[in-house]
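1. got a sequence here, can you model it:
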Amino acid sequence: MAPSALILIADGTEEMEFTITYDTLVRAGVTTKSAFVPENDTPSSKSPPFAKGSRGINIMPDIYLDDPGCGPDKYDLLVIPGGAKGASTMSKNPTVQKLVRDYIDGKKTVGMICAG
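-> Numbering: from 1, shown residues only. Model prediction:
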């Protein structure tokens, strides 16, 4: 079974830190998904909106952040890219805080890039 990674993205995420990481993982054969972290912790069953990156580029995430569907039992790696506004949104989000603890407690890898 191929390794898997979940990369978080929010409005204000640094585009290069997200896209280069995503691309590198895919090229390495890692099954990779992105999850949108909203500014307020209200998940939705609708398709996630575009995340507006720190330089104004819109990126379409694969899924909404959903704690049960994004946990360490589903993915081997959790990646949190930087970008001041995106990093701030993620660091204040209780679901992200719980996920980071769950990945660490589950002996899974958590990668944080720059301000992530």
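2. residues contacting the closest residue to Arg55 other than its chain neighbours?
-> Closest residue to Arg55 apart from its sequence neighbours, by Cβ to Cβ, 6 or more residues apart in numbering: Glu15 at 5.6 Å. Backbone N, C-alpha and C define where each C-beta goes, glycine included. Contact criterion Cβ atoms under 8 Å, 6 or more residues apart in numbering gives 53-55, 57, 59, 83 as the residues in contact with Glu15.
3. kindly provide the distance from Glu15 to Gly71.
-> Distance from Glu15 to Gly71, counting by Cβ to Cβ, to the nearest Å: 26 Å.
4. equivalent analysis for Glu14, please.
-> Per Cβ to Cβ, Glu14 is found 25 Å from Gly71.
5. output the contacting helices and strands for the helix or strand of the chain with the lowest mean pLDDT.
-> The helix or strand of the chain with the lowest confidence, counting by mean pLDDT, DSSP states H and E, is strand 63-64 at a mean of 91. Contact analysis of strand 63-64 by 3 or more Cβ pairs under 8 Å, 6 or more residues apart in numbering; DSSP states H and E lists strand 31-36 as its packing neighbours.
6. show the subsequent helix or strand relative to the strand it packs on.
-> As assigned by DSSP states H and E, the chain's next helix or strand after strand 31-36 is strand 51-52.
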